[in-house]
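Engineer: Pasting the sequence and the predicted coordinates here, then a few questions.
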Amino acid sequence: MTALLTTPTGAATPAEEPTVPPERRRVPYLLLLPGLLWLAVFFVVPLVTLVSTSLQTGSLEEGYALTFSWSTYSDVWSTYSSQLLRSFLYAGSATVLALVIGYPLAYAIAFKAHRWRNLMLVLVVAPFFTSFLLRTLAWKIVLADDGWVVGALQTVGLMSDTGRLLATPAAVVLGLTYNFLPFMVLPLYASLEKMDPLLLEAAGDLHATPVTAFRTVTWPLSLPGVVAGTLLTFIPAAGDYVNVQFLGTPNSQMIGNVIESRFLTVLDYPAAAALSITVMAVVLILVVAYVRRVGARELL
Amino acid sequence: MTRSPHRPGTTGTTGAAWATGATWAGSALSRRGFLQAVGVSGALLAAGPLLSACGTEGTNSSGDGGTQGDPKKLAWSNWPLYLDTSDEDDTDNPTLKAFTNKTGIEVTYTEDVNDNDEFFGKVSPMLRAGRSTGRDVIVLTDWMASRMIRLGYVEKIDRANIPNSRNLLPSYEDVPFDKGREYSLPWQSGIAGIGYNPKALGREITEIDDLFRPDLKGRLTMLTEMRDTMGLLLLSLGKSPEDHTMADYKKAIDKLQKLVDDGYVRAFTGNEYAADLASGNILAAIGWSGDVLQLQSDDPDMQLAVPDEGGMLWSDNLMVPKGAGNKAGAEKLMDFYYDPKIAAEVASYVNYVTPVNGAQDAMRDVDAELADNQLIFPTEQTLSTLHSFKALDEGEEKEYQDMFQKVIGA
């Protein structure tokens, strides 16, 4: 890696390093080649294809031609801004909920679980052993109108007798929180587990209350985990469409549903591609803003 | 439309790519050789999509038949739970076995059609490029069959090689998308009507507008299948699904939008409405005959009402995709399943409407009770109240879907 970093300067001023034979200078680039090819094949090519598709016009029968039709972007932006906004709102709510639930859990696994630690970690990951669809469908049974959750809420008067949980935005946010919770817990656990408990002892010696110790020691040290966890939860949740399909209503559709319907049902490939790019761009902006705000610049 | 009541779970396949990568470490490949191999394949992989990304061709190219072409092998793609299985073993299909015994053709039967749109998304890039899909027989719903025929993605079939196709019921012969059935033969049909349990609801549903009463607010689902849902809404306005104007369609869309806004429609679904209907989450659904028949086995009160205004009739059609390696075998398969006895056996398992004449008589030997079931063998009178949706060209299709998808939230 150091060889790579010095090479550009070496190439710019070859007179300073006359001892390096020219063929050796190519070695770092050759070593980089597999990585670059990987990036090209799995990132650049799909992205270029996507951008190109978003700028095409045409139909299945006549074929598509690249016409640089930028108006597709303004069209989808004005037509689907409510679904976009809703996606980020739902994903954001699910991320906050996952953090609130996941932080105590990760903390408990890291500091209090002792010999149960491995078992608890396996339990966090265990839901992944079954299909994502099945896990989401299972919530339909839990939240059923005649189920015990709704029944209990109605009995204690938290919900009207005709109220329901299924097919509401709340059910969608709940589904998202549940499905992406492990992505929050694992990075949190990883950063908490690295923390030296002696630091807390030292804080106590310096007359810090447990709350102050948490605020000034534990929380700042776990910030990398918080950032990683929130990103890993927020980004896939914003693009999810399965939870809405099973737990939502026609008025709670997210941007993933729109992209799916544009691409598969309406066969409007350019609009689907333009929407995908838009989502990527918005997520990128949000992520950069967020990471800067939190101050975890080393992640960028 | 997803017919299977058991929605198949997606299985993660992303792990496979990593797993294969690990084997590199163990092989005796030199690094230079490895780099060259990666470089060449990477460049090839990269160049293909890059070139094609700059615009794709139209679809007038013809398939050039690139499969193995072994006359003793046949690949058939069908919907889940759409062929009889033996009681002991889900993967054993008695009629398919009989076909192999009779003709010596080995059939690879795959249940990989879960959704018309999704399946089209899967095979259309190959068909567009004039390459074989590796399938000899596919089964798609009327409107998708229409699109496949329009785009030239399917082979003409030779009815002379399918003598049993004379058993096709006359009402299926002249469909708008395939006059004289030159490209397709119906596999099974179904009725879209209103599935509900009169006891649970506490009243009868006789017409479509009976759905839009306060006791069904939020307890009603409709199908994401545009033609079935919009067909019934058009009928409720006194318009004909076969023959209506854009203004009529817009009126029906406005009606649907109002129902969604007022909270009547809880969700638009594939066939997962069946589970909601069984559990009581919903009290009525626009649904399909086969699903409701399967629900009846658990709850005899469940029924499919064909409203006074009429219901919708759709078919799934057997077709031979362009580039199929064994078209002759595909025709033999169609001929085999148009034998009334075989058709009755399939119908007794899948519970959908069979388009084969004589199957009803043959059914008396298989399962006498089903032979009189209106939802499998509708009478001429019932059939006359059923409608099909008018054929749409690509532009209309897009416009229709555009409006419908906006109402259902996407």
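Structural biologist: Good, I have the coordinates.

Engineer: Okay, strands next: where are they in the chain?
Structural biologist: Because you didn't say which chain, this covers chain A. When secondary structure is read from DSSP state E, chain A shows strands at A:56-59, A:63-66.

Engineer: my question was about chain B
Structural biologist: With DSSP E as the criterion, chain B has strands spanning B:73-77, B:106-110, B:137-141, B:184-196, B:220-223, B:265-269, B:284-288, B:303-305, B:311-319, B:386-387.

Engineer: Please produce JSON lines containing the ones you listed, extended by mean pLDDT, distance to residue A:179 and mean neighbour count.
Structural biologist: Heads up, the C-betas are built off the backbone N, CA and C, glycines and all. Shown next, in JSON lines, are those (pLDDT from 0 to 100; distance: least, C-beta to C-beta, whole Å; neighbours: other C-beta atoms under 10 Å in any protein chain shown):
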{"stretch": "strand B:73-77", "mean pLDDT": "96", "distance to residue A:179": "30", "mean neighbour count": "22"}
{"stretch": "strand B:106-110", "mean pLDDT": "95", "distance to residue A:179": "29", "mean neighbour count": "14"}
{"stretch": "strand B:137-141", "mean pLDDT": "97", "distance to residue A:179": "31", "mean neighbour count": "25"}
{"stretch": "strand B:184-196", "mean pLDDT": "96", "distance to residue A:179": "30", "mean neighbour count": "26"}
{"stretch": "strand B:220-223", "mean pLDDT": "95", "distance to residue A:179": "23", "mean neighbour count": "25"}
{"stretch": "strand B:265-269", "mean pLDDT": "92", "distance to residue A:179": "19", "mean neighbour count": "26"}
{"stretch": "strand B:284-288", "mean pLDDT": "95", "distance to residue A:179": "26", "mean neighbour count": "26"}
{"stretch": "strand B:303-305", "mean pLDDT": "93", "distance to residue A:179": "34", "mean neighbour count": "21"}
{"stretch": "strand B:311-319", "mean pLDDT": "96", "distance to residue A:179": "33", "mean neighbour count": "26"}
{"stretch": "strand B:386-387", "mean pLDDT": "92", "distance to residue A:179": "41", "mean neighbour count": "21"}
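
Engineer: out of the ones you listed, nearest to residue A:64?
Structural biologist: Using C-beta to C-beta as the criterion, the shortest distance between residue A:64 and those is 22.9 Å, found for strand B:137-141.

Engineer: does the closest one come close to chain A?
Structural biologist: No - where contact is defined by C-beta under 8 Å from any C-beta of the partner chain, no part of strand B:137-141 touches chain A; the two come within 13.0 Å at best.

Engineer: Please spell out which residues along stretch A:176-193 are buried.
Structural biologist: By neighbour count with 16 or more other C-beta atoms under 10 Å in any protein chain shown, stretch A:176-193 contains the buried residues A:176-192.

Engineer: Poorly predicted segments of chain A, please.
Structural biologist: Regions of chain A meeting the criterion pLDDT under 70 cover residues A:1-18, A:295-300.

Engineer: per the record, what domains does it have?
Structural biologist: Here chain A is described, according to automatic domain parsing, as comprising the domains A:2-54, A:71-299.

Engineer: Please produce a markdown table containing the ones you listed, extended by distance to chain B.
Structural biologist: As requested, the domains of chain A are exported to a markdown table (distance: least, C-beta to the nearest C-beta, whole Å):
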| stretch | distance to chain B |
| --- | --- |
| domain A:2-54 | 4 |
| domain A:71-299 | 3 |
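
Engineer: Point out the most buried one among these.
Structural biologist: domain A:71-299 (a mean of 18; mean count of other C-beta atoms under 10 Å in any protein chain shown).

Engineer: From the chain's centroid, how far away is it?
Structural biologist: 8 Å (C-alpha atoms, centre = their mean, to the nearest Å).

Engineer: now do stretch B:112-127
Structural biologist: Once both centres are worked out by C-alpha atoms, centre = their mean, stretch B:112-127 turns out to sit 11 Å from its chain's centre.

Engineer: again with stretch B:127-139
Structural biologist: The offset between the C-alpha centroid of stretch B:127-139 and the centroid of the whole chain comes to 17 Å, using C-alpha atoms, centre = their mean.

Engineer: Quick check: bridge partners of residue B:194?
Structural biologist: When bridges are called by DSSP bridges, residue B:194 pairs up with residue B:286, residue B:305.

Engineer: does it really touch residue B:308, like I thought?
Structural biologist: No - taking contact to mean C-beta atoms under 8 Å, the distance of 11.2 Å between residue B:194 and residue B:308 leaves them out of contact.

Engineer: Out of the buried residues of stretch A:176-193, list just those in helices.
Structural biologist: A:176-192 (DSSP state H).

Engineer: Do a quick rundown of the helices in the stretch 1-150 of chain B.
Structural biologist: Using DSSP state H, counting those that start in this stretch, the helices assigned to the stretch 1-150 of chain B run over residues B:14-26, B:31-53, B:94-103, B:116-128, B:142-150.

Engineer: cool, the stretch 301-410 of chain B as well?
Structural biologist: Using DSSP H, counting those that start in this stretch, the helices of the stretch 301-410 of chain B run over B:327-337, B:340-350, B:359-366, B:368-371, B:380-384, B:394-407.

Engineer: What lies in contact with the shortest one?
Structural biologist: So the one you mean is helix B:368-371. B:347, B:348, B:351, B:360, B:361, B:363, B:364, B:376, B:377 (C-beta atoms under 8 Å, 6 or more residues apart in numbering or on different chains).

Engineer: top of those by neighbour count?
Structural biologist: Taking other C-beta atoms under 10 Å in any protein chain shown to define a neighbour, the member of these with the most is residue B:347, carrying 28 neighbours.
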